[in-house]
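Novice: I'd like to go over a predicted model; first the sequence, then the structure.
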Amino acid sequence: MTEIPESTSPDIVTTPTTVDLLRHGQVVTPNLFCAPSQEPLGNHGWKQLTLATNSGKWDRVISSPSRRCHDFARLLAQRLDCPFVVDARFGEMDFGDWIGKTHTAIWEQDPELMQHLWYQPRRFIAPNGEAMEDFIDRVQAGWQDLQNIYAGQNVLLLTHAGVIRVVLAKVLDILYQRSLRFEVGYAQITRVRTYPDGETSLVGHGLPHA
C-alpha cells in the first residue's frame, strides 16, 4: 500500500488527465444504507467490477481504504502491473450510528434527519459521525491533489457514490444537493478529463465499462 506523495513534478504537462471514478460493486449484505468499512464484496460485486474493468488500461489505481474498494483495486493494480495507491480522503462519508443499518430502519428511527440529508445536505451531520461539510472538504482536497500529482496520466479511482457526487458537483460547478439527482450504480464509471489549461469536462457518467 502506498500513499499519495506531497509534491508533484515540475515538468510541464501537455496531455490531458483522465480519471475514471468507479463505484464499488454489490456487497455481501443487501440493502444497507452504508456498509461497514470491513464489509466485503459479494460474488456478484466481484463479477460487476471485473466486467467494468476488463478492457481498461490505467497508469495507476487509487482506492478508498474500505474493503469493498480496496480488495478488488489491489488485485487489479497487480494485474495491470501499475502502482496502487490508497487515499483515505476518498473513503465513504462516516455515517456514525447509521453504518450497518438498512434504509428502512433509518427511515423508521430518524425520518426528519433523513429528510435533512436529502433536502439540506450541506448542513447534515450524521449521528456520531462526520459533518457533510467536512466530507466534501476532504474529497475536494484529495481530488485537487490527484489532479496535480498525476497530471497527464490515466487514473482509475475505485470509491463510493458519495465521493463521486462530490466530484461531479465540483466538475460541473453545481450545488452538491443537485448532484444527488445523478444515479451512481454499482460498478459504473464516471469519466472526467482535465486539460493542460485547467479546463475540465465530464466525458461520461454511468458507463458500464472502461
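Specialist: Cool, got the structure. Numbers count the residues shown, from 1 in each chain.

Novice: what residue is smack in the middle of the protein?
Specialist: Centroid-nearest residue in the chain, with C-alpha atoms, centre = their mean: Thr159, separated by 3.0 Å.

Novice: Asp20 is in contact with that residue, correct?
Specialist: No - in this structure, Thr159 sits apart from Asp20 without contact. The criterion is C-beta atoms under 8 Å, and the distance is 10.5 Å. Backbone N, C-alpha and C define where each C-beta goes, glycine included.

Novice: returning to what we had before: what's near enough to touch the residue nearest to the centre of the chain?
Specialist: Thr159 makes contact with Leu21, Leu22, Arg23, His24, Ser63, Ser64, Cys69, Phe90, Gly91 under the criterion C-beta atoms under 8 Å, 6 or more residues apart in numbering.

Novice: among the residues you listed, which two are most distant?
Specialist: Across the contacts of Thr159, the longest distance by C-beta to C-beta is 14.7 Å; it joins Leu22 and Gly91.

Novice: Look at the two and report which has more neighbours.
Specialist: Neighbours were tallied for Leu22 and for Gly91 using other C-beta atoms under 10 Å; the higher tally belongs to Leu22 (30 against 24).

Novice: hmm, who's touching the helix or strand hosting Glu108?
Specialist: Following DSSP states H and E, one finds Glu108 within helix 103-109. Contacts of helix 103-109 with the rest of the structure, by C-beta under 8 Å, 6+ apart, involve Asn31, Phe33, Trp98, Lys101, Met114.

Novice: Show me the helices in this protein, by range?
Specialist: Taking DSSP state H to define them, one finds helices in the chain at 43-53, 67-80, 103-109, 111-119, 132-149, 161-172, 176-179.

Novice: most packed of those?
Specialist: Mean neighbour count, computed with mean count of other C-beta atoms under 10 Å, is highest for helix 161-172 among the helices of the chain, reaching a mean of 21.

Novice: The residue nearest to Cys82 when sequence neighbours are not counted: neighbour count?
Specialist: Setting aside the residues directly before and after it, Cys82 is nearest to Arg60 in space (C-beta to C-beta, 6 or more residues apart in numbering), at 5.1 Å. Arg60 is flanked by 18 other residues according to other C-beta under 10 Å.

Novice: I'm done for today, thanks for sticking with me.
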